[in-house]
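Engineer: kindly generate the corresponding structure for this input.
(chains A and B)
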Amino acid sequence: MFEVIAFYTFSILTIVMFGIVVLSKNALYAMSALAGGMIFISGFFFLLGAEFLGVVQIVVYSGAVMALYAFGMMFFDTTREVKENVHYKKLVYALSIIAAVLIVVIMSAPIYSANTEALYPSVVEGVGNVQIVGLVLFTKYLVPFELAAIMLLVAMISGILLVSKRMDMNLTQEDNFEETGEII
Amino acid sequence: MITLTHYLVLSAILFSIGLVGIMTRKNLLMLFFSTEILLNAVNIGFVAVSHYYGDLSGQMFAFFIIAVAASELAVGLGLLILWYKKTGSTNLDSLSMMKG
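Structural biologist: Numbering: from 1, shown residues only, chains lettered A, B, ... in the order given. Here you go, the predicted model:
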């Protein structure tokens, strides 16, 4: 009973939040709604017994990603409304719903048709979710884990390099400097 | 009783919201937000399948998707700030001309 109430509450809240993100004209409102939606999604993860992913969702998305967006938004003029000219609005909605349904069918059809058996059982006696995630992550998925670490390092370096280029100059001012072609 | 179908339907709804965002918004920042929505919708699907089939692989993939999303965001936001410095707008239409 509690699961049903929690599921429907969280799903309504998430859909409303993401609807605000997609339909809002103000970038700041969209960002705040996105942060709220991320928190509610972590609620689903806790509900599904994936405590580790729930914590990671809160820490990474609501913490790191939102902080990054907030810092990025300091560079943009967020107070003015976002101007957009969109044609074929109904066609866009129909196409996206059809595409989403197709993707879900493609993803779930093999699951429903074949009896998949668990390679890495998620419920082991006396071992919590975090421990079993650690066990699987550092044995079977060790190489992808290390690759993800390298990828994050590369992303961090590239982000710093891209943004720190000519950081000392005013953004809104037109600069008359020649492009020197150097990286930093 | 909440079954796997409920979660998959929710995942589809969130995915379609993200797709609507991708297709209708013309602001590059809003496109990034919509990308995050898409990735999160897929994450919900993965974790739900992982829970209902008692297999941890789904959670592992969701974990790696979060890592990919974080790095994609770092690089993308850096490029976006660079583009804003160059042109003064985050509009998608300003990207349509290849003027070097």
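Engineer: how about the helix ranked longest in chain A and chain B, any contact?
Structural biologist: Secondary structure of chain A per DSSP state H: the longest helix is helix A:89-113. Yes: judged by CB under 8 Å from any CB of the partner chain, helix A:89-113 comes into contact with chain B at A:89, A:92-93, A:95-97, A:99-101, A:103-104, A:107-108, A:111. Heads up, the C-betas are built off the backbone N, CA and C, glycines and all.
Engineer: residues in contact with stretch A:93-104?
Structural biologist: B:Leu8, B:Val9, B:Ser11, B:Ala12, B:Ile13, B:Phe15, B:Ser16, B:Leu19, B:Val20, B:Ile22, B:Met23, B:Gly45 (CB atoms under 8 Å, 6 or more residues apart in numbering or on different chains).
Engineer: tell me the contacts of the second one?
Structural biologist: This points to B:Val9. A:Val104.
Engineer: and it, what pLDDT?
Structural biologist: pLDDT recorded at B:Val9 is 86.
Engineer: so it, which of the three states?
Structural biologist: Following DSSP: H, G, I helix; E, B strand; the rest coil, the label given to B:Val9 is helix.
Engineer: contact partners for A:Gly128?
Structural biologist: Per CB under 8 Å, 6+ apart, neighbours of A:Gly128: A:Glu51.
Engineer: so how far is A:Leu135 from it?
Structural biologist: 11 Å (CB to CB, to the nearest Å).
Engineer: quickly list what's touching both of the two.
Structural biologist: Common contacts of A:Gly128 and A:Leu135, defined by CB under 8 Å, 6+ apart, are absent altogether.
Engineer: if we can go back for a sec, buried stuff in the longest helix of chain A?
Structural biologist: By neighbour count on 16 or more other CB atoms under 10 Å in any protein chain shown, the buried set for helix A:89-113 is A:Val92, A:Ser96, A:Ile97, A:Ala100, A:Ile103, A:Val104, A:Met107, A:Ser108.
Engineer: tell me how far it is from the chain's mean position?
Structural biologist: Distance, stretch centre to chain centre, for helix A:89-113: 20 Å (CA atoms, centre = their mean, to the nearest Å).
Engineer: check stretch B:65-85 too.
Structural biologist: 12 Å.
Engineer: tell me the mean pLDDT over that stretch?
Structural biologist: The model assigns stretch B:65-85 a mean pLDDT of 87.
Engineer: swap in stretch B:28-40?
Structural biologist: Mean predicted confidence for stretch B:28-40 is 89.
Engineer: where in chain A is pLDDT low?
Structural biologist: Applying pLDDT under 70 to chain A flags the ranges A:77-87, A:111-126, A:165-184.
Engineer: what does the domain assignment say about it?
Structural biologist: Chain A breaks down by automatic domain parsing into domains covering A:1-83, A:85-116, A:124-169.
Engineer: any idea which of those domains is most buried?
Structural biologist: Highest mean neighbour count among these (mean count of other CB atoms under 10 Å in any protein chain shown): domain A:1-83, with a mean of 18.
Engineer: close to chain B, is that domain?
Structural biologist: Yes: contact of domain A:1-83 with chain B (CB under 8 Å from any CB) involves A:3-4, A:7, A:11, A:14-15, A:18-19, A:21-22, A:27, A:30-31, A:34, A:37-38, A:41, A:44-45, A:48-50, A:52-53, A:56-57, A:60-61, A:64-65, A:68-69, A:72-73, A:75-76, A:82-83.
Engineer: return the subset of those residues lying in helices.
Structural biologist: A:3-4, A:7, A:11, A:14-15, A:18-19, A:21-22, A:27, A:30-31, A:34, A:37-38, A:41, A:44-45, A:52-53, A:56, A:68-69, A:72-73.
Engineer: can you check which helix is longest in chain B?
Structural biologist: When chain B is parsed with DSSP H, its longest helix is helix B:57-87.
Engineer: okay, buried residues for that one please.
Structural biologist: Applying a neighbour-count criterion of 16+ other CB under 10 Å, one finds B:57-64, B:66-67, B:69-78, B:80-85 buried in helix B:57-87.
Engineer: returning to that earlier point: quick one: closest of the domains of chain A to B:Phe32.
Structural biologist: domain A:1-83 (7.8 Å; CB to CB).
Engineer: and stretch A:144-157, how far out from the chain's middle?
Structural biologist: Using CA atoms, centre = their mean, the offset of stretch A:144-157 from its chain centre is 17 Å.
Engineer: and A:Ile41, how far is that from A:Glu51?
Structural biologist: 14 Å.
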